[in-house]
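Engineer: predicted model follows, preceded by the sequence.
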Amino acid sequence: MVKEKHRTERVGWLRAAVLGANDGILSTASLILGVASAHGSRRSIVVAGVAALVAGAMSMAAGEYVSVHSQADTEKADLELEREELRSDDIGEHKELAAIYVARGLNPQLAKQVATQLMAHDALEAHARDELGISDVLAANPMQAALSSAASFALGAVMPLLVSMITPIDLLMFVVAATSLIFLAGLGALAAYAGGAKVLPGTLRVTFWGALAMAVTTGVGALFGTKP
Ligand SMILES: [Zn+2]
């Protein structure tokens, strides 16, 4: 049996990875530009970049772990409640599921039939999917989510960091900003392409916000920076 492959399945993890890398590029590049525009030395620029990479990756991991874990906890609690309801009120649960199908457009007779057959097959699965909207009970893996978003952030952050290490200091701000915008545009185009969306608007959007963020931090750095 050939299963039709929809883009939304693939886009989920790719979108998360691209978002993480975007974050990594943009926040690290912005921080580097802020320190550079405050006339920081190469050493302080690189230290800021490394700190941005580590702090960002850790914060992504922690945030993602907590969010996915609490999502999984909620789903588990919901399923437990549902299991209990199925045990204690079989007739009520049949009616409840049938009512959901009626609301989706089936006539009451057919809805009742569908509910009965699906519940005979796997009552908890039917209620999880059509009542709670949980399609894959084991979908959420907090540790995997944490590691992959930390990794994608670090991968993004490494790009402006490497550029800041090898570029001559008087060209550093220009080159970091320009390469970061190119990386961002490339990722934006990739994400749009993979998602089947129009490539140009997606690319322009991410480039615009990237340029804005870097301009703001550069301005702030210059404002607070000590003039030599
Ligand atoms: Zn139910």
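Structural biologist: All right, it came through fine. Residues are numbered from 1 along each chain as shown.
Engineer: what about this protein, any weak spots by pLDDT?
Structural biologist: 1-12, 136-140, 226-228 (pLDDT under 70).
Engineer: residue of it nearest the ion, please.
Structural biologist: The minimum distance from the chain to the ion, using C-beta to the ion, falls at His127 (3.9 Å). Yep, even glycine has a C-beta here, placed from its N, CA and C like the rest.
Engineer: how about that residue, what does it touch?
Structural biologist: 82, 86, 93, 96-97, 119 (C-beta atoms under 8 Å, 6 or more residues apart in numbering).
Engineer: go on, Glu82?
Structural biologist: Glu82 touches 124, 127-128, 131-132, counting by C-beta under 8 Å, 6+ apart.
Engineer: swap the cut-off to 6 Å and go again
Structural biologist: Contacts for Glu82 (C-beta atoms under 6 Å, 6 or more residues apart in numbering) come out as His127.
Engineer: swap in Met119?
Structural biologist: Met119 touches Ala126, counting by C-beta under 6 Å, 6+ apart.
Engineer: secondary structure element for it?
Structural biologist: If you go by DSSP states H and E, Met119 is part of helix 108-127.
Engineer: the helix or strand where Glu84 lies vs helix 108-127, what angle?
Structural biologist: If you go by DSSP H and E, Glu84 is part of helix 42-88. For helix 42-88 against helix 108-127, the angle by axes from the mean of the first three to the mean of the last three C-alpha atoms, to 10 degrees is 130 degrees.
Engineer: mind giving me the packing neighbours of whichever helix or strand comes after helix 42-88?
Structural biologist: On the C-terminal side of helix 42-88, the closest following helix or strand by DSSP H and E is helix 90-103. Helices and strands touching helix 90-103, by 3 or more C-beta pairs under 6 Å, 6 or more residues apart in numbering; DSSP states H and E, are helix 108-127.
Engineer: which parts of the helix it packs on are buried?
Structural biologist: Neighbour-count burial for helix 108-127, counted by 16 or more other C-beta atoms under 10 Å, picks out 111-112, 114-115, 118-119, 123, 126-127.
Engineer: what's the answer for stretch 148-161, then?
Structural biologist: Buried residues in stretch 148-161 (16+ other C-beta under 10 Å): 148-161.
Engineer: and the ion, which of those reach it?
Structural biologist: For the ion, no contacts are drawn from the buried residues of stretch 148-161 by C-beta under 5 Å from the ion.
Engineer: Thr167: which of those residues is nearest?
Structural biologist: Ranked by distance to Thr167 (C-beta to C-beta), the buried residues of stretch 148-161 are led by Pro160 at 10.1 Å.
Engineer: okay, and that closest one sits in which element?
Structural biologist: Using DSSP H and E, Pro160 sits within helix 142-166.
Engineer: after that helix, which helix or strand is next? Please name it.
Structural biologist: helix 172-194.
Engineer: that next one: what's the following helix or strand?
Structural biologist: helix 199-224.
Engineer: that next one to helix 142-166, inter-axis angle?
Structural biologist: Going by the same axes, to 10 degrees, helix 199-224 makes 60 degrees with helix 142-166.
Engineer: these two touch, right, Met173 and Gly34?
Structural biologist: No - Met173 lies out of contact with Gly34 (C-beta atoms under 6 Å); the separation is 10.1 Å.
Engineer: between those two, which one's more packed in?
Structural biologist: Gly34 (24 against 19; other C-beta atoms under 10 Å).
Engineer: dump the residue contacts of the closest residue in space to that one that isn't next to it in sequence.
Structural biologist: Counting by C-beta to C-beta, 6 or more residues apart in numbering, Gly34 lies nearest to Gly221, which is 3.5 Å off, once chain neighbours are set aside. The contact partners of Gly221, taken as C-beta under 6 Å, 6+ apart, are 34, 37-38.
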